[in-house]
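Engineer: predicted model follows, preceded by the sequence.
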Amino acid sequence: MKPADRPRRSVLYLPASNARAIDKARTLPCDTVILDLEDAVAPDAKAAARDGAVAAVAEGGFGGREVVIRVNGLDTPWGEADLAAAGAARADAVLIPKVSTPGDFAAARARLPADVPLWAMIETCAAIFRLETLAAASAGAGVTAWVIGANDLVKEMRCALTVGREPLITALSLSVMAARAHGLVILDGVYNDIADAEGLAAQAAQGAAFGFDGKTLIHPGQIEAANLAFSPDPAAVAAARSVAAAFEAPEAQGVGVMKIDGRMVERLHYEQARRLLAVADAIAGREAG
């Protein structure tokens, strides 16, 4: 399985200062856990949260779940120590906040082991106007995934954060385009109203329609909706298997277009089908394990 095909439907933020929540996460059906040292942790708990994240990674027990540490920015009193601790902990990735220039990647990369993947928060107006530049710089800096930080972006824009996210549609769409142009995973932002199951479902479906790989979450009760929205539809999986089988038949070698189940299908659809099947098979393996 390619790293980009790894299921990341549900990506749950947890305060790294909350040992009980971290322990519970080892049993939850989320694909990824982000141990948060930033927004979810009060200033007087930062050091304890850092220690908690390191201890949690060392203890393990997360099964097939990916474990990421989100650090504080280097412009804060905790950023340097966070990066040093996160790099030494050997989590699956380190998530850096409020990226606005390629220099932000370079500064974080210089403080981490070369083989520790970086993830980056896209959550500033400056970042939106530099999406292509940031995406192009990501590969060289070992950045493998972007995460939308809608709350911070809305704060900067001074706009409304509705279920449909109308003020953010351009930013969201362009972010996905830039990420895809440079082979990055990209994750949708959080939904704040924990009690609004209908709104969450609608926004998760919107994110899947945009092309995001999954959704970041703030509560375990949101996992099921995200997993449902970002899992391939069974009918789509069946259709993809038909497309893959047709193009992989010996007699189809070199064929660019063919009729399958009454539809004209091009080889580009074969590539899409292979990607969908890789994700579906990875999800099936994740859930079976």
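Structural biologist: Everything's here; your move. Numbers count the residues shown, from 1 in each chain.
Engineer: excluding its backbone neighbours, what's nearest residue 62?
Structural biologist: Residue nearest to residue 62 in three dimensions, not counting chain neighbours: residue 26, with 5.5 Å by CB to CB, 6 or more residues apart in numbering. No exception for glycine: its C-beta is placed from N, CA and C like everyone else's.
Engineer: return the residues in contact with the one you found.
Structural biologist: Neighbouring residues of residue 26 by CB atoms under 8 Å, 6 or more residues apart in numbering: 61-63, 65.
Engineer: please apply the same query to residue 260.
Structural biologist: 242-243, 246.
Engineer: how much space between the closest residue to it other than its chain neighbours and residue 44?
Structural biologist: Spatial nearest neighbour of residue 260, chain neighbours left out: residue 246 (5.0 Å); criterion: CB to CB, 6+ apart. Noted for residue 246: a distance of 61 Å to residue 44, by CB to CB, to the nearest Å.
Engineer: looking at these two, which is more packed in?
Structural biologist: Taking neighbours as other CB atoms under 10 Å, residue 246 and residue 44 compare with residue 246 leading, 18 against 7.
Engineer: the more buried one: what secondary structure?
Structural biologist: Put simply, residue 246 is helix when judged by DSSP: H, G, I helix; E, B strand; the rest coil.
Engineer: separation between it and residue 108?
Structural biologist: Counting by CB to CB, the gap from residue 246 to residue 108 is 45 Å.
Engineer: what's the answer for residue 205, then?
Structural biologist: From residue 205 to residue 108 the distance is 33 Å (CB to CB).
Engineer: residue 118 now?
Structural biologist: For residue 118, the distance to residue 108 (CB to CB) stands at 6 Å.
Engineer: find residues that contact each of those two.
Structural biologist: What both residue 118 and residue 108 touch, as defined by CB under 8 Å, 6+ apart, is the set 94, 96, 141.
Engineer: tell me the mean pLDDT for the strand or helix carrying residue 139?
Structural biologist: Assessed by DSSP states H and E, residue 139 sits inside helix 131-140. Summarised as a single mean, pLDDT over helix 131-140 is 96.
Engineer: name the nearest residue to the residue nearest the centre of the chain, sequence neighbours excluded.
Structural biologist: Nearest to the mean C-alpha position of the chain, by CA atoms, centre = their mean, lies residue 187 at 3.4 Å. Residue nearest to residue 187 in three dimensions, not counting chain neighbours: residue 147, with 4.7 Å by CB to CB, 6+ apart.
Engineer: so where do the strands sit in the stretch 101-250 of the chain?
Structural biologist: Along the stretch 101-250 of the chain, counting by DSSP state E, counting those that start in this stretch, strands occupy 118-122, 143-148, 185-188, 214-217.
Engineer: can you tell me which of those strands is most buried?
Structural biologist: Looking across those with neighbours counted as mean count of other CB atoms under 10 Å, the highest average goes to strand 214-217: a mean of 27.
Engineer: which secondary structure elements does that strand sit against?
Structural biologist: strand 10-15, strand 185-188, helix 197-210, helix 223-230 (3 or more CB pairs under 8 Å, 6 or more residues apart in numbering; DSSP states H and E).
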